[in-house]
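> Below are the sequence and a predicted model; questions follow.
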Amino acid sequence: MNTVRHILEVKGFDVWAISPNVVVLEALRLMAEKDVGALLVMEGEKLLGVLSERDYARKVVLQGRASKEITVREIMTEKVFSVHPDQTVHEVMTLMTEKRVRHLPVVEDDRVIGMISIGDVLRNVIYLQKQTIRGLEDLILSIGK
């Protein structure tokens, strides 16, 4: 069965996090440096929220606010949905669709061990589809011999 743990094993267990007291501009710099669309907002090991590009666009840019003066805490999404590493990719796709989220922290034993994005999930699905197609092609070729 294809699980979140498998996605993390392929992409890595890196967790990019920021303090809630940092100004938004610094969070944007970190996102750009790490080439990610969201950061976990944490105090030590405690997950407080998620800061995404969507949060920035809607709560700073559209409101004409200054990213040098606003803290991450002011614009982060506090209601965080998370997944367990043993959940299936299908379960994750359903959650992302129903809750309209693009990034999910992966939590095991009350510890954040990674984060996955909709892009990670799609890459995984495409990879599995390619493997299925290859397997079927091999089967067809073996029958034809």
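Cool, got the structure. Residues are numbered from 1 along each chain as shown.
> And the next helix or strand past the strand or helix carrying residue 114?
Assigned by DSSP states H and E, residue 114 belongs to strand 111-117. Toward the C-terminus, strand 111-117 is succeeded by helix 118-144 as the next helix or strand (DSSP H and E).
> So what angle separates the directions of that next one and strand 111-117?
If you take axes from the mean of the first three to the mean of the last three CA atoms, to 10 degrees, helix 118-144 sits at 70 degrees to strand 111-117.
> got the buried residues for helix 118-144?
For helix 118-144, a neighbour-count test (16 or more other CB atoms under 10 Å) marks 118, 120, 121, 124 as buried. Bear in mind the C-beta positions are built from the backbone N, C-alpha and C, glycine included.
> now do stretch 97-104
Going by neighbour count (16+ other CB under 10 Å), the buried part of stretch 97-104 is 101, 102, 103, 104.
> from these, which two are the most distant?
Using CB to CB, the buried residues of stretch 97-104 span at most 8.4 Å, a distance reached by 102 and 104.
> which residues of this structure score low on pLDDT?
Low-confidence segments of the chain (pLDDT under 70): 1.
> Would you map the helices across the chain?
Ranges of helices within the chain are 4-11, 24-34, 53-56, 72-75, 89-99, 118-144, based on DSSP state H.
> In JSON lines: those helices, plus distance to residue 81.
Formatted as JSON lines, the helices of the chain follow (distance: least, CB to CB, whole Å):
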{"stretch": "helix 4-11", "distance to residue 81": "13"}
{"stretch": "helix 24-34", "distance to residue 81": "20"}
{"stretch": "helix 53-56", "distance to residue 81": "14"}
{"stretch": "helix 72-75", "distance to residue 81": "18"}
{"stretch": "helix 89-99", "distance to residue 81": "5"}
{"stretch": "helix 118-144", "distance to residue 81": "13"}
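> Nearest approach to residue 63 belongs to which of those helices?
helix 72-75 (9.4 Å).
> name the helices or strands packed onto that closest one?
helix 24-34, strand 46-52 (3 or more CB pairs under 8 Å, 6 or more residues apart in numbering; DSSP states H and E).
> buried stuff in it?
Buried residues in helix 72-75 (16+ other CB under 10 Å): 72, 73, 75.
> The second one reaches residue 24, doesn't it?
No. Because the distance of 9.8 Å does not satisfy CB atoms under 8 Å, residue 73 is recorded as not touching residue 24.
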